[in-house]
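**Q** What shape does this take:
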Amino acid sequence: MAEEADNDGIAALARRCPQEGMITFLFNRGPRFNTINRLLDPLAWHFVAVDQDRIVGVVGVIYFKAQVLGSTKKVAYILDLLLDKQYRRGTTAFRLIKPVVERLYESDAEMVLVNFLKDNVHPLVFAKGRAGFPAALNLGDNTFYSMLSLSKMRVEPAYQIDTPTENDIPELLELYQSCSKSYRIAQVLDETTLRHYLQNLQGLGLENFLVARHNGRIRAVTALWDEIPYKCYEVQKLNFAIASVTRLLKIMSYFMKVPQPIELHQPLSQLSLVLSAHLDSPEAIEMLFRHVNNMNRGSKYTLITHYGQVNDPITKVIRKFRGMSVKSEMHAFARHPELLDQLAQVNSPVMFNLALLQ
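**A** Alright, predicted model coming up:
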């Protein structure tokens, strides 16, 4: 089990494990490796793999309540799986994950969710039912979609976009609960959970929320969260396409409002769209995203990001905007295999706040 004294060793491991893609980055947490996890769930924990006095692997677990096919269940989410490169092909990964699985089976969690980068064959072996691990159900692809705010977009005047107040909380909760019914798995966003976020997460007060009202009724909501107090993505390398866009942005910045160009060896400046939902009104959430686009033109932020399932109606809306995406795969393990059989018969997406939990 990871201890507070392991913070420096885990941070050093993270710096040895860059996340590669269109943008290669180092994922840094602050002020400690588990600060955001413990804020979201006091029972969150990490395991580490140690070779002599050096931490060579880490994995974490966080718990939350979810509606699964209409029933409330305790769900565990596996995150922060990192291994030093030279340990990825041996038995270290299995020796790290096995006690995690055993601890989860001893807990009262009825389901476990985990995400792996799309087509990443090394961690995917854990989902194939090998080496004594249970087989998992593939719940579909997620996309980490990053929007570039380049041009001003029209917002329909029929929608009033503003910041909600304390008096709006009951209507927001009703919207979240109504929206969750269209998902096969949906994180429970009750008043206790929402107020915990508002009161304890820096940068996620009511003033960071936006709502779209139509005829006086809230039809869509999203929150703009700057997660830099807790985690950041330090840019190490850009592929040719992203480097070209960055150079173009620097030139365009002399003539028009453009996003902040990406800087190497600096944190990626981004806002995350979290706690997004709409009441059978994709147009309302699109107007919110258009408004977010407009208000962040020429701001300090390079990207406006949304993390959700590919087949989520909200994801389908934001993919209309100019941007780029990275995909991952979501897999589910269950204490009772028949639950996976039931989930396999339903094609609706999964909704929970990946950007918060990652």
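**Q** Surely residue 312 is in contact with residue 349?
**A** Yes: because the distance of 4.4 Å satisfies C-beta atoms under 8 Å, residue 312 is recorded as touching residue 349. In short, each C-beta sits where N, CA and C put it, glycine included.
**Q** Tell me how confident the model is about the strand or helix carrying residue 308, as a mean pLDDT.
**A** Using DSSP states H and E, residue 308 maps to strand 303-309. The pLDDT scores in strand 303-309 average 93.
**Q** Please state the offset of it from the chain centre?
**A** 8 Å (C-alpha atoms, centre = their mean, to the nearest Å).
**Q** Over to stretch 315-332?
**A** 11 Å.
**Q** buried stuff in it?
**A** 315, 317-318, 321, 323-326, 328-332 (16 or more other C-beta atoms under 10 Å).
**Q** Now, these that are in helices?
**A** 315, 317-318 (DSSP state H).
**Q** Show me the contact partners of stretch 191-207.
**A** The contact list for stretch 191-207 (C-beta atoms under 8 Å, 6 or more residues apart in numbering) reads 36, 39-40, 65, 163-166, 169, 172-173, 176, 223, 225-227, 229-230, 274-275, 356.
**Q** In helices only, show me these.
**A** 36, 39-40, 169, 172-173, 176, 356.
**Q** Among those, find me the one that's closest to residue 11.
**A** residue 36 (14.3 Å; C-beta to C-beta).
**Q** so who does residue 37 touch?
**A** 44, 46, 60, 62, 79 are the contacts of residue 37 under C-beta under 8 Å, 6+ apart.
**Q** By neighbours, which of those residues wins?
**A** residue 62 (23 neighbours; other C-beta atoms under 10 Å).
**Q** I am assuming it contacts residue 357, so please confirm or correct that.
**A** Yes: with contacts counted by C-beta under 8 Å, residue 62 reaches residue 357, the gap being 5.9 Å.
**Q** shared neighbours, those two?
**A** With C-beta under 8 Å, 6+ apart as the test, residue 62 and residue 357 both reach 40, 77, 79.
**Q** if I read this right, the last one contacts residue 60, doesn't it?
**A** By that I understand residue 79. Yes: using C-beta under 8 Å, residue 79 is in contact with residue 60, at 5.0 Å.
**Q** In space, what's closest to residue 21 - neighbours in sequence excluded?
**A** residue 326 (5.4 Å; C-beta to C-beta, 6 or more residues apart in numbering).
**Q** And for residue 293?
**A** residue 149 is the one closest to residue 293 (C-beta to C-beta, 6+ apart), at 4.7 Å.
**Q** so how far is residue 301 from the one you found?
**A** 8 Å (C-beta to C-beta, to the nearest Å).
**Q** Give me the more crowded residue out of the two.
**A** More crowded of residue 149 and residue 301, by other C-beta under 10 Å: residue 149, with 25 against 18.
**Q** Over to the more buried one. Which of the three states is it?
**A** coil (DSSP: H, G, I helix; E, B strand; the rest coil).
**Q** contacting residues for it?
**A** 259, 292-294, 296-297, 299, 301, 304.
**Q** mind listing the helices for the stretch 1-150 of the chain?
**A** 7-15, 35-40, 92-106, 121-124 (DSSP state H, counting those that start in this stretch).
**Q** for the spatially closest residue to residue 332 that is not a sequence neighbour, what are its contacts?
**A** Counting by C-beta to C-beta, 6+ apart, residue 332 lies nearest to residue 137, which is 4.8 Å off, once chain neighbours are set aside. Contact analysis of residue 137 by C-beta under 8 Å, 6+ apart lists 331-334, 340, 343-344.
**Q** Just the buried subset of these, please.
**A** Counted by 16+ other C-beta under 10 Å, the contacts of residue 137 give 331-334, 340, 343 as buried.
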